[in-house]
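Peer 1: Would you be able to build a 3D model of this:
(one chain, ligands or ions: 2)
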Amino acid sequence: MLRLRKIRALAGTQSGRKLVQWGFVLLILAIGLQFILFVRQAGGSGPVTLSRPPGVEAFLPISALISLKYWLLTGHFTAIHPASLVLLLIIAATAVVLKKGFCGWVCPFGLLSEYLARIHLWIFGRPRRLPRWLDYPLRGVKYLLLGFFAYAIFWGMDTNALAAFLDTPYNRAADIKMYLFFAQASAVTLKVLAALVLLSILVRHFWCRYLCPYGALLGLLSWLSPLKIHRSATRCIDCGKCTRVCPASIKVDKARTVWSDECNACLQCVDACPVKQTLQLSVTERRGILPRSWYPLVLLLLFAAGIGAACMAGRWHSSISAEEYRQHIRNINSPVYNHFRGQTPPPAASGPSTSAPGQPASVIPAQN
Ligand code: SF4
Ligand code: SF4
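Peer 2: Ligands and ions are numbered 1, 2, ... in the order given. Now for the predicted structure:
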């Protein structure tokens with residue numbers, strides 16, 4: 001009982017948030033390492049004994065969006081990268097329930113951004129912000145990027161185009177290509193990454209605030225969340241501590257309810273507030289209060305429940321066999337693995353698709 005209380009007390013602090021963030025970093029590193037070992041083994045000539053970790057598909061958001069539309073239109077849940085769609089749905093659900101907690105508690109780029117922001121503070125002594133006339137339009141860039149992907153997929157692709165894309169060698173080997181993109185990074189890639197790191201030091205949270213389309217999607221969904229940061233004006237002593245610690249530069253001390261799409265539910269403002277029950281994550285100022293210590297527990301529960309349900313429904317593991325992966329890895333430099341920009345793709349390296357027109361070979365019919 002005492003231990004449970006201690007865990008809940010820790011979970012309700014910023015140390016608890018760091019613990020959750022680092023937990024996810026370690027999990028992602030473990031998944032990445034297992035995937036690298038799998039690719040190396042499958043690319044060799046011996047038997048493939050290692051399994052491919054499905055969690056690697058978290059890094060295939062475009063494939064997930066295309067699979068989502070295909071699922072909505074046809075009722076068929078992709079079996080090519082099913083975990084990518086499951087994770088997209090879970091992350092979207094966390095935003096609807098818990099605001100942008102994915103950005104503030106889970107995303108490794110969010111954590112990296114926080115450490116780069118510390119370098120910013122070390123260099124400049126205090127947070128430097130871009131002037132409003134530049135900040136506002138730049139914040140729109142991530143929505144433009146999201147709009148571009150949404151337009152290309154939701155308006156630009158019909159059922160046949162979706163099915164064709166899902167069955168392309170490009171999509172079937174998307175995880176390998178993504179790994180090689182970083183493992184064999186070109187000079188241009190390295191320069192772009194270095195520029196993003198530099199910009200994130202000069203301007204706090206540059207990537208998250210201005211460029212991340214995933215963050216834009218979660219920001220939009222977070223408006224649906226019944227939970228918001230609420231400030232009790234009667235209790236507030238106007239010390240301004242909440243505003244000073246807010247990484248999203250939100251003027252918390254001036255708001256009764258924080259509606260900003262930039263709020264990532266990090267709860268730093270709540271932790272910083274010196275007056276009890278003045279700032280809380282709640283449905284209204286007085287009702288539906290979610291205690292700080294419950295936040296990570298609910299977040300982790302959503303992930304566990306979503307992945308557990310997907311496993312039980314047989315929609316977590318890819319249907320691509322180790323032998324097919326071997327073929328993809330051996331032929332990955334072939335032009336058939338290039339992106340075809342909407343053109344009709346050639347048949348998969350594993351052989352022509354046997355699926356019916358408009359239906360990729362590897363989809364599981366929706367279960368009723
Ligand atoms: S308003 Fe509070 S919870 Fe939201 S980003 Fe700012 S500090 Fe974090
Ligand atoms: S930290 Fe609390 S008391 Fe201080 S301004 Fe913010 S809400 Fe008011």
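Peer 1: tell me the domain boundaries of the chain?
Peer 2: Domain assignment for the chain by automatic domain parsing gives 2-222+297-365, 228-289.
Peer 1: Which of those domains comes out lowest on mean pLDDT?
Peer 2: With a mean of 88, domain 2-222+297-365 has the lowest mean pLDDT of the domains of the chain.
Peer 1: Relative to the whole chain's centre, how far out is that domain?
Peer 2: Computed by C-alpha atoms, centre = their mean, to the nearest Å, the chain-centroid distance of domain 2-222+297-365 equals 6 Å.
Peer 1: if we can go back for a sec, so can I have TSV of the domains of the chain showing mean neighbour count?
Peer 2: Bear in mind the C-beta positions are built from the backbone N, C-alpha and C, glycine included. Shown next, in TSV, are the domains of the chain (neighbours: other C-beta atoms under 10 Å):
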stretch	mean neighbour count
domain 2-222+297-365	17
domain 228-289	18
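Peer 1: Columns distance to ligand 1 on top of those, output as a markdown table?
Peer 2: Putting the domains of the chain into a markdown table (distance: least, C-beta to the nearest ligand atom, whole Å) gives the following:
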| stretch | distance to ligand 1 |
| --- | --- |
| domain 2-222+297-365 | 6 |
| domain 228-289 | 3 |
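Peer 1: What's the first helix or strand after the one helix or strand residue 83 maps to?
Peer 2: Assessed by DSSP states H and E, residue 83 sits inside helix 82-98. Counting by DSSP H and E, the next helix or strand C-terminal to helix 82-98 is helix 101.
Peer 1: Tell me which other helices or strands the helix holding residue 83 touches.
Peer 2: Contacts defined by 3 or more C-beta pairs under 8 Å, 6 or more residues apart in numbering; DSSP states H and E place helix 82-98 against helix 61-74, helix 213-222, helix 294-312.
Peer 1: Determine the angle, from 0 to 180 degrees, between the first one and helix 82-98.
Peer 2: By that I understand helix 61-74. If you take axes from the mean of the first three to the mean of the last three C-alpha atoms, to 10 degrees, helix 61-74 sits at 90 degrees to helix 82-98.
Peer 1: Going by proximity to ligand 2, name the top residue of the stretch 51-200 of the chain.
Peer 2: Using C-beta to the nearest ligand atom, the closest approach of the stretch 51-200 of the chain to ligand 2 is made by residue 127 at 16.4 Å.
Peer 1: from what I can see that residue touches residue 203, true?
Peer 2: No - judged on C-beta atoms under 8 Å, residue 127 makes no contact with residue 203 at a distance of 9.9 Å.
Peer 1: Which neighbours do those two have in common?
Peer 2: Shared contacts of residue 127 and residue 203, defined by C-beta atoms under 8 Å, 6 or more residues apart in numbering, are found at residue 120.
Peer 1: Near ligand 2, which residues of the stretch 251-368 of the chain? Just list them.
Peer 2: 252, 253, 272, 273, 275, 278, 279 (C-beta under 6 Å from any ligand atom).
Peer 1: Could you identify the most distant pair in these?
Peer 2: 252 and 275 (13.1 Å; C-beta to C-beta).
Peer 1: So which bits of the stretch 51-200 of the chain are right by ligand 2?
Peer 2: Counting by C-beta under 6 Å from any ligand atom, the stretch 51-200 of the chain has no residue next to ligand 2.
Peer 1: all helices of the stretch 51-200 of the chain, in order?
Peer 2: Here the stretch 51-200 of the chain has its helices, by DSSP state H, counting those that start in this stretch, at 61-74, 82-98, 101, 108-124, 132-150, 159-166, 169-172, 174-183, 187-202.
Peer 1: Check the stretch 201-350 of the chain too.
Peer 2: Using DSSP H, counting those that start in this stretch, helices in the stretch 201-350 of the chain cover 206, 213-222, 241-245, 268-272, 294-312, 322-330.
Peer 1: Okay, angle between the helix holding residue 83 and helix 213-222 too, please.
Peer 2: Here helix 82-98 points in a direction 40 degrees away from that of helix 213-222 (the same axes, to 10 degrees).
Peer 1: ok, the closest residue to residue 237 other than its chain neighbours - contacts?
Peer 2: Nearest residue to residue 237 in three dimensions, chain neighbours excluded: residue 275, at 5.9 Å (C-beta to C-beta, 6 or more residues apart in numbering). Contacts here follow C-beta under 8 Å, 6+ apart; on that basis residue 275 touches 235, 236, 237.
Peer 1: Let me see the residues that make contact with stretch 231-247.
Peer 2: Looking at what lies outside stretch 231-247 - C-beta under 8 Å, 6+ apart - the contacts are 114, 117, 204-205, 250-258, 264, 266, 268-275, 277-279, 285.
Peer 1: What's the end-to-end length of it?
Peer 2: 17 Å (C-alpha to C-alpha, to the nearest Å).
Peer 1: Ok, stretch 51-58 next?
Peer 2: 17 Å.
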